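The sequence and its predicted three-dimensional model are supplied below.
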Amino acid sequence: MHLILFFLFAGFCLAGAINLLLQTHPINSALSLIVVMTSLAVLYLLLGAEFLAIAQIIVYAGAIMVLFVFVVMLLNAGREERTLGSRAAGVIGLPAVVVLLALLATIILHTHNLGASSASQPITDTAELSAVLFRDLLLPFEVTSVLILIAILGAVALARLGNGERTVSK
Amino acid sequence: MNFLPHDVPLTWYLLLSAALFSLGIVGFLFKRNIITVFMSIELMLNAVNLSFVTFAHQWHAVKGQIFVFFVMMVAAAEAAVGLAIIIAVFRVRATLSVDRIDLMKL
Amino acid sequence: MNAIIHHEFIIYAHLWLIPLAPFLGFLVNGVLGRHLPKWLVTTVALLAPFASFSAVLCDSNASLLPAVETLPFPWLNLPGLHIDFTLTLDQLSLVMVLVVTGVGFLIHIYSVGYMHDDPGYARYFSYLNLFLFFMTTLVLAGNVLVMFVGWEGVGLASYLLIGFWFQKPSAASAGMKAFIVNRIGDFGFLIGIFLLLASFGTLTFAEIATKLAASPAWTGGILTVICLCLLAGATGKSAQLPLYVWLPDAMEGPTPVSALIHAATMVTAGVYMIARFHFLFDRSPFALSVVAIVGAATALFAATMGLAQNDIKRVLAYSTISQLGYMFLGCGVAAYSAAIFHLMTHAFFKALLFLAAGSVIHALGGEQDLRKMGGLRKKIPITFWTMTAAVVAIAGIWPFAGFFSKDAILYAAFLQGNGGKVFWFVGLVTALLTALYMLRLWYLAFFGESRSHDVHAHESPWSMLSPLVILAALSVCGGWIGIERFSAFLSPVLGARTAESATPHLELYLSILAVAVALEGWLIADKYYRRKTERPAQIAAALPGLYKLLFNKYYVDEIYNAVFVRPLLVISRYVLGWVVDGAILGGAAWLLGGIATFGGAILQRWQSGNIRSYAAWLAAGAAAVLLFVFYTSIGTYLGAHGIDVHWMGR
């Protein structure tokens, strides 16, 4: 059962990621990314992280991606232009990525002692998670909330209209 | 490795994570719209999250999952600020193509 | 200053005062001279040589010698090489320094009158004092290096004074010529110094002499090479073949300069150096032969050239070269005291000749050509009589000074073993020619009809005449000390005189022969330049080739120009100028600049501002770091600390 679910949603992940690369209009890429996020949530569930799965959907797919879609529509982004841009990206970047991928794959495949996920394994429940979060890691938690506050302030300061400007986009 | 119908070897999760990460880098390198580039970054972050969760499952370490939680929070903040910057740049340069935004001074 | 003195006496002037006084004179007149009134400049300028001369007189007590003074701080203090600033006064340097300061003082007095109207008055005296400083340093030096300082310094002073009227292009180039030709000789001198240091490990004269005396069988070999190198230096400074070409051109300088530097003192430095190194030259008969050959050849060669010159100062210049040849001949036959004796008497009459010539030139308002002089006997009597004394002295006629010293050299040459008689004969012929051209000068300048029109010849002022009178007195009686007493005086330094010949009265016969030859020269001159004055022109017309050769000084200057100067200029301009300076050095500099610019241009393109390019390099860097970590010793290090990184290779 796990196996079939894994194959299915892993396939969705990869398909969504490849589609993100292949689409020219950013809104299509955004939608593909939402597919990836949601599939990942299912995979988290398979790995026994129920809280994280829901958080992934609420935060990532529900908030961040919505923000992305908002901005795409606000700025009226159109299809990508075919500019030449950078030769270095292809000449140097692509081999680098290939090397990176190969290296990671080799390391992963050579690692012993990795187990497997199965239905019999316990799911980490939220109580256990919150116990650690609010007891042992309370300070980082509070600091993170301050961080988000700062982010809000920054976003507002950067994106608001200055004097004499009537609209965001031209 | 044991091939049981109910068990998925964690190695495959890790391979998926590596693949998503690489696809994220490829997107960062080759996409020309800033927003799409940003989305590729989010993809990379998610890939890393997946490998964190995998290892948390391996050793039954709750802290691994909490780390993912924090990554999500920071990613949210980063997305907000980053998109605000993109809006500010768009106001001045009137373009969303990464190749045209190549001056430090606007 | 605490100078280390060997003898403590009440009236004894420190040796370092002797060079110091002229040096102070140089500084004061050189720096402040333009702003001081003329009488003050004169006082300072005359005080300096007077102070030196007085100091020398104070130290002239023979029982004090040798006196050695060393300054309390060393010059070079290295392992294996220790050199101090040492001044030594022994009999030889006493004679030299008496001549230098005494004659120098007289010439300073003369210059007061001669240079009175010159705008560069203070500059002249500062240079003259500078020369005196270096010359006294040279003569009083206790080691070769201090002597070399003086050597180079007098060359510098000579350059400055020859080119004193530097606005004249001929004077400026004459100064350069003198300096460069001197330098060529100095190169030989330097090589000699290096070889001396390598062979003896010390440069102090006394120590070298001691070391040589300790090994009496050491002759030839490296010593010959050293002697020849030193001879090269002496040849340059003392204007012998082949480096004499600068001395005739040096007559562009003021006449007192010619008298002091190019007659009495600087050009004798070479002779002094050979005499100072006599213990070295004695060990190398080959080198001594070379010295004698050079001296004799130069003497004859220069005398022939003096016959055909028309400028009064040029005749005297060639005469100087010829007499210096005599001194070298004296050294070459190991008769060092005779050479120094001739050096002393020559200083007297040659300085007198130049100063009197200056007086003649002054009387005629600047005329230097003999063909335009004549009939001055009655008009400038004091100049005439003093010059007569000098001319007779240089001709070597008894009982004037030149006779005794020249005779001593010829006698020693006659007695010498291999080839001595040839040298004697050459010396005799040269004596004939000397008498001939000097008397020619005498007759042309003072006798016959006056060929200088429109000029009122007037006698010089007393500031110029008094040195003439003193030097004339010295030219008459300067030789009366006799060679026996003189060489006995110098024997602590130069060794005893060689044994007398077996034949008694040989010296007397040779002297009579020499005087007869000189008188014969006088008779010839009398015939051609007083009585039948049209004959010389006829002879010149009859032998045009020979006359041209002599008049153009055997075309030596032209030969040197073609063989040495032109090729050097070509090499400098094209090889060194274009190739080395332009291509190699300029190219290297351009290359360095080019590399920087080129590298910068390449690196500049890396910072394009293009985000995708930056991302690509980021990815490449990340891949490189990971590879580095997993595949190198970093991994081992991490593994030792409990972090297992190296999965590979299992």
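All right, it came through fine.

List the buried residues of the longest helix seen in chain B.
Secondary structure of chain B per DSSP state H: the longest helix is helix B:62-93. Going by neighbour count (16 or more other CB atoms under 10 Å in any protein chain shown), the buried part of helix B:62-93 is B:62, B:64-70, B:72-73, B:75-91. Where C-beta positions appear, they are placed from N, C-alpha and C, glycine not excepted.

which residues touch stretch A:55-66?
The contact list for stretch A:55-66, computed with CB atoms under 8 Å, 6 or more residues apart in numbering or on different chains, reads A:30, A:33-34, A:37-38, A:40-41, A:44, B:42, B:46, B:49, B:69, B:72-73, B:75-76, B:79.

Helix or strand next in line after the helix or strand where C:Leu549 lies, which one?
According to DSSP states H and E, C:Leu549 maps onto helix C:544-551. Once the chain leaves helix C:544-551, the next helix or strand it forms, by DSSP H and E, is helix C:556-560.

what are the C-alpha coordinates of that following helix, in PDB please?
Extracted in PDB, the C-alpha atoms of helix C:556-560 (Å, rounded to 0.1, in the frame of the first residue of the first chain):
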ATOM      1  CA  VAL C 556      95.600  59.800 -33.300                       C
ATOM      2  CA  ASP C 557      92.400  61.600 -32.300                       C
ATOM      3  CA  GLU C 558      90.800  60.800 -35.600                       C
ATOM      4  CA  ILE C 559      91.800  57.100 -35.300                       C
ATOM      5  CA  TYR C 560      90.400  56.900 -31.800                       C
END
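
coming back round to it: what is the distance between the helix holding C:Leu549 and the centre of its chain?
Relative to its chain's centre, helix C:544-551 lies at 30 Å (CA atoms, centre = their mean, to the nearest Å).

What average pLDDT does that helix get?
Confidence over helix C:544-551 (mean pLDDT, whole number) is 76.

which residues touch it?
In this structure, residues lying in contact with helix C:544-551 by CB under 8 Å, 6+ apart are C:304-305, C:307-309, C:539-540, C:555.

So which of these wins on neighbours?
Among those, C:Met305 has the most neighbours (other CB atoms under 10 Å in any protein chain shown), with 27 neighbours.

In a helix, that one, correct?
Yes. Counting by DSSP: H, G, I helix; E, B strand; the rest coil, C:Met305 is located in a helix.

What does the pLDDT read for it?
With respect to pLDDT, C:Met305 has a value of 87.

Contacts (any at all) between chain A and the helix or strand bottoming out on mean pLDDT in chain B?
Between all helices and strands in chain B, the lowest mean by mean pLDDT, DSSP states H and E belongs to strand B:8-9, at a mean of 84. Yes. Applying CB under 8 Å from any CB of the partner chain, one finds strand B:8-9 in contact with chain A at B:8-9.

Which elements pack onto the helix or strand following that strand?
With elements assigned by DSSP H and E, the helix or strand that comes after strand B:8-9 is helix B:10-30. Packed against helix B:10-30 by the contact rule (3 or more CB pairs under 8 Å, 6 or more residues apart in numbering or on different chains; DSSP states H and E) you find helix A:2-22, helix A:26-46, helix A:94-110, strand A:116-117, helix B:34-59, helix C:611-631.

now the helices for the stretch 401-550 of chain C?
For the stretch 401-550 of chain C, helices defined by DSSP state H, counting those that start in this stretch occupy the ranges C:401-415, C:420-446, C:462-477, C:482-494, C:506-526, C:535-542, C:544-551.

C:Gly104 is nearest to which of those helices?
Closest approach to C:Gly104 among those is made by helix C:462-477 (10.7 Å; CB to CB).

And the closest one, what's buried?
Neighbour-count burial for helix C:462-477, with 16+ other CB under 10 Å as criterion, is recorded at C:464-465, C:467-472, C:474-476.

Please identify which pair of those residues lies farthest apart.
Greatest spatial distance among the buried residues of helix C:462-477 (CB to CB): C:Met464 and C:Val476, at 19.7 Å.

quick revisit: for the helices of the stretch 401-550 of chain C, give me JSON lines that also has distance to C:Pro49.
As requested, these are arranged in JSON lines below (distance: least, CB to CB, whole Å):
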{"stretch": "helix C:401-415", "distance to C:Pro49": "22"}
{"stretch": "helix C:420-446", "distance to C:Pro49": "29"}
{"stretch": "helix C:462-477", "distance to C:Pro49": "12"}
{"stretch": "helix C:482-494", "distance to C:Pro49": "24"}
{"stretch": "helix C:506-526", "distance to C:Pro49": "34"}
{"stretch": "helix C:535-542", "distance to C:Pro49": "42"}
{"stretch": "helix C:544-551", "distance to C:Pro49": "39"}
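
which one of these has the most crowded surroundings?
Highest mean neighbour count of those: helix C:401-415, a mean of 26 (counted as mean count of other CB atoms under 10 Å in any protein chain shown).

avg pLDDT for that one?
Averaged across helix C:401-415, the pLDDT comes to 87.

Packing partners of that helix?
Packed against helix C:401-415 by the contact rule (3+ CB pairs under 8 Å, 6+ apart) you find helix C:312-332, helix C:336-363, helix C:381-395, helix C:420-446, helix C:462-477, helix C:482-494, helix C:506-526.

per-residue confidence at the residue positioned nearest the centre of chain A?
Nearest to the mean C-alpha position of chain A, counting by CA atoms, centre = their mean, stands A:Met37 at 6.0 Å. Confidence at A:Met37, expressed as pLDDT, is 96.

so how far is C:Leu585 from it?
Applying CB to CB, to the nearest Å, one obtains 68 Å for the distance of A:Met37 from C:Leu585.

For C:Val557, which non-adjacent residue is closest in space?
Not Val; residue C:557 is Asp. Distances taken as CB to CB, 6 or more residues apart in numbering or on different chains put C:Val245 closest to C:Asp557, at 5.8 Å, once the chain neighbours are dropped.

residues near the one you found, how many?
The tally of other residues near C:Val245 (other CB under 10 Å) stands at 20.

And for C:Asn561?
For C:Asn561, the neighbour count with other CB under 10 Å is 13.

Return the distance of it relative to chain A.
C:Asn561 is 67 Å from chain A, where distance means CB to the nearest CB, to the nearest Å.

if I look at that residue, how far off is C:Leu568?
C:Asn561 sits 10 Å away from C:Leu568, taking CB to CB as the criterion.

Which residues are in contact with residue 130?
No chain in the question, so chain A it is. Contacts of A:Ser130 by CB under 8 Å, 6+ apart: none found.

Not quite, go with chain C.
Contacts were defined as CB under 8 Å, 6+ apart; by that measure C:Leu130 touches C:22-23, C:26, C:30, C:153, C:156-157, C:160.

of the residues you listed, closest to chain A?
When those are compared for distance to chain A (CB to the nearest CB), C:Leu156 wins out at 66.8 Å.

Now do the same for C:Ile83: helix, strand or coil?
Per three-state DSSP, the secondary structure class of C:Ile83 is strand.

Around chain C, which positions in chain B sit nearby?
So chain B meets chain C at B:25, B:28-30, B:37, B:98-99, B:101-104 (CB under 8 Å from any CB).

the domain parsing of chain A - what is it?
With domains defined by automatic domain parsing, chain A comprises A:1-80, A:125-161.
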